[in-house]
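K.L.:
need coordinates for the following:
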Amino acid sequence: MGNALFIGADLPEVALHVLRRGLFAIVNDSDSSRLEAFMSPIREARLDKQVSIESRPYSDVEFLASSFNSIVAWRGVPDDMPLPLFFKKIRRELKAGAALHLHVALRPARWAPSVASLLSRLPDDLREKLEDGLSGADEKVAGLREKLAEMASPAREWADRRGMDHVAARERVRATASKLRGTAGAIGRRLSLPGAQDPAALRKAAEQYLDVASEIPLSIFAERLMLLPEAVRMLLKKAPLPTLEVAQALDAGLLRTPAALPLASSAIIAFSKTKEFGHVFRIQPKRNRIDR
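P.N.:
Numbers count the residues shown, from 1 in each chain. Presented below is the predicted three-dimensional model:
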């Protein structure tokens, strides 16, 4: 016996599994259409007496401490709750040893190490072709660097003759580079799902209250493909290969690798309330000590 909390009327199939194990469920949602879709299969299974509905925002509801064997939040962290407050409230309401299963959209992490790790898993012949191509690119870059060095001295002399300030020019270059980095960041945000969280900030906000038990990436390409403007998606449908199916196939292969998580657009993260977080402290009365 026990209780499960669903923050959002989502995943009725999970709720059915929980209810058939003899647990009771509270679903926290105020949207009537979502609630109907959630409750319909539960009523068909005649398990609706084990479910109660709480329509107030999660942040406004005071559940009893240590109430839940499991909490499921498929819609992520509620918009009106800062991350630390959310995790603190979750910790209070979970039983010791229980877990929060949080579905969360993720911002792109640092891509280079993960891409390198994924490339290392390619078949030998394909990886050798890529390495040969990269080697040729390195040689071209080295040659270009030498040419730029040769050009630098005449350019400096030309600038001196016209009284140009090298320091000011260098600062303009740095400012341009900074703008480019900002553009790269904007592209990264464009590749993120709505409401995406910074993975590092998410873990940091939780670490004081809960442990990360598992992280399961859900998608790398397919979800981001759906972010493209409709006109672009319509063009992709006319491509020789079915683009969405290809993206899903790539996801299916890459998501099995450990390097997939930093590239993922979303994940299910399980946060557990370990027994170390669940101590109850008792104040012992101070006894008078009699020295003999």
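
K.L.:
mind checking which helix or strand of the protein has the lowest mean pLDDT?
P.N.:
Every helix and strand of the chain was ranked by mean pLDDT, DSSP states H and E. The lowest is helix 111-119, at a mean of 49.

K.L.:
now do the same end-to-end measure for stretch 195-215.
P.N.:
Stretch 195-215 stretches 18 Å from its first residue to its last (Cα to Cα, to the nearest Å).

K.L.:
what's the average pLDDT for the biggest strand by length in the chain?
P.N.:
Taking DSSP state E as the criterion, the chain has its longest strand at strand 94-105. Strand 94-105 shows a mean pLDDT of 95 in the predicted model.

K.L.:
not counting its own residues, what contacts it?
P.N.:
2, 66-77, 90, 192-197, 202, 210, 213, 218, 265-275, 277-278 (Cβ atoms under 8 Å, 6 or more residues apart in numbering). (Each C-beta comes from the backbone N, C-alpha and C, glycine too.)

K.L.:
redo that, cut-off 7 Å
P.N.:
By Cβ atoms under 7 Å, 6 or more residues apart in numbering, the list of residues contacting strand 94-105 from outside reads 66, 68-74, 76, 90, 192-197, 202, 210, 213, 265-273, 275, 278.

K.L.:
that strand: which residues count as buried?
P.N.:
Leu94, Lys95, Ala98, Ala99, Leu100, His101, Leu102, His103, Val104, Ala105 (16 or more other Cβ atoms under 10 Å).

K.L.:
could you export it as CSV, CA atoms only?
P.N.:
Provided in CSV are the C-alpha atoms of strand 94-105 (Å, rounded to 0.1, in the frame of the first residue of the first chain):
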residue,chain,number,x,y,z
LEU,A,94,8.7,11.7,-0.9
LYS,A,95,9.2,8.7,1.4
ALA,A,96,12.8,7.8,2.2
GLY,A,97,14.1,5.6,-0.6
ALA,A,98,11.4,6.8,-3.1
ALA,A,99,12.0,8.7,-6.3
LEU,A,100,10.9,11.6,-8.5
HIS,A,101,10.7,10.7,-12.2
LEU,A,102,11.2,14.0,-14.0
HIS,A,103,10.8,14.5,-17.8
VAL,A,104,12.8,17.5,-18.7
ALA,A,105,13.8,19.3,-21.9
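
K.L.:
tell me which strands it pairs with, and in which orientation.
P.N.:
strand 68-73 (parallel), strand 266-272 (antiparallel) (DSSP bridges).

K.L.:
quick check: which of the ones you listed is buried the most?
P.N.:
Comparing these by mean neighbour count (mean count of other Cβ atoms under 10 Å), strand 68-73 ranks first with a mean of 23.

K.L.:
give me the average confidence score over that strand.
P.N.:
97.

K.L.:
need the contact partners of that strand.
P.N.:
Taking Cβ under 7 Å, 6+ apart as the rule, strand 68-73 contacts 2-8, 11, 14, 23, 90, 93-95, 98-103.

K.L.:
quick one on the thing from earlier: would JSON lines of the buried residues of strand 94-105 with distance to Asp60 be doable?
P.N.:
Formatted as JSON lines, these follow (distance: Cβ to Cβ, whole Å):
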{"residue": "Leu94", "distance to Asp60": "19"}
{"residue": "Lys95", "distance to Asp60": "22"}
{"residue": "Ala98", "distance to Asp60": "22"}
{"residue": "Ala99", "distance to Asp60": "24"}
{"residue": "Leu100", "distance to Asp60": "19"}
{"residue": "His101", "distance to Asp60": "22"}
{"residue": "Leu102", "distance to Asp60": "20"}
{"residue": "His103", "distance to Asp60": "22"}
{"residue": "Val104", "distance to Asp60": "22"}
{"residue": "Ala105", "distance to Asp60": "24"}
